[in-house]
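Engineer: mind folding the following:
(one chain, ligands or ions: 1)
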Amino acid sequence: MVRVCSEAELAPGEIKRAPTEVPIAVYNLSGSFFATGDYCTHEKSSFSEEGYLDGEEIECGWHFARFCIKTGAVTAPPARKPLLTYDVCVRDGDVYVILPSAPSAVANEAEENTSEA
Ligand code: FES
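Structural biologist: Below you'll find the predicted structure:
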């Protein structure tokens, strides 16, 4: 579990890069927190630097692929591979991302590996 920031440092509608070795973007969606891989699966644009959060979707700033931040699923091309997702928790006013054996991340990783076979 890695501390990302305080709740106050990640306002609704904002995106922040987690201080993790693995690139992870953390989103505040109307007071609920979600996390995905920070790089677009198309050509590795960074969502935390150039993404646009639109409701439950993150839009890539380069070629405008869209993904659901809750599931990682692609919702608009040109990306085809889903994003990894990570669990997020809030404790004592701080936001944490849970690494990397979170079931959703493992499930998405397995799915990604299968799709490349
Ligand atoms: S890098 Fe994200 S759509 Fe191309």
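
Engineer: part of a helix, is S48?
Structural biologist: Yes: assessed by DSSP: H, G, I helix; E, B strand; the rest coil, S48 belongs to a helix.

Engineer: distance check, the residue lying closest to it once chain neighbours are set aside against P77.
Structural biologist: Residue nearest to S48 in three dimensions, not counting chain neighbours: R17, with 3.8 Å by Cβ to Cβ, 6 or more residues apart in numbering. C-beta: built from backbone N, CA, C; applies to glycine. Distance of R17 to P77, computed by Cβ to Cβ, to the nearest Å: 25 Å.

Engineer: now do the contacts for the residue most central in space within the chain.
Structural biologist: When Cα atoms, centre = their mean is applied to the chain, the residue found nearest the centroid is T36 (1.8 Å). By Cβ atoms under 8 Å, 6 or more residues apart in numbering, the contact set of T36 is I24, A25, Y27, F47, I58, F67, I69, G72, L83, L84, T85, Y86.

Engineer: just checking, the first one touches A35?
Structural biologist: Yep, that's I24 we're talking about. Yes: at 5.4 Å, I24 and A35 qualify as touching, with contact defined as Cβ atoms under 8 Å.

Engineer: so what's in contact with those two at the same time?
Structural biologist: A18, Y86, V97.

Engineer: ok, which of those residues also contact the ligand?
Structural biologist: With Cβ under 6 Å from any ligand atom as the criterion, the shared contacts of I24 and A35 include none near the ligand.

Engineer: so of the residues you listed, which ones are in strands?
Structural biologist: Among these, the members found in strands (DSSP state E) are Y86, V97.

Engineer: among the shared contacts of I24 and A35, which one lies nearest to T41?
Structural biologist: Nearest to T41 among those: Y86, at 15.2 Å, using Cβ to Cβ.

Engineer: tally of neighbours for the closest one?
Structural biologist: 25 (other Cβ atoms under 10 Å).
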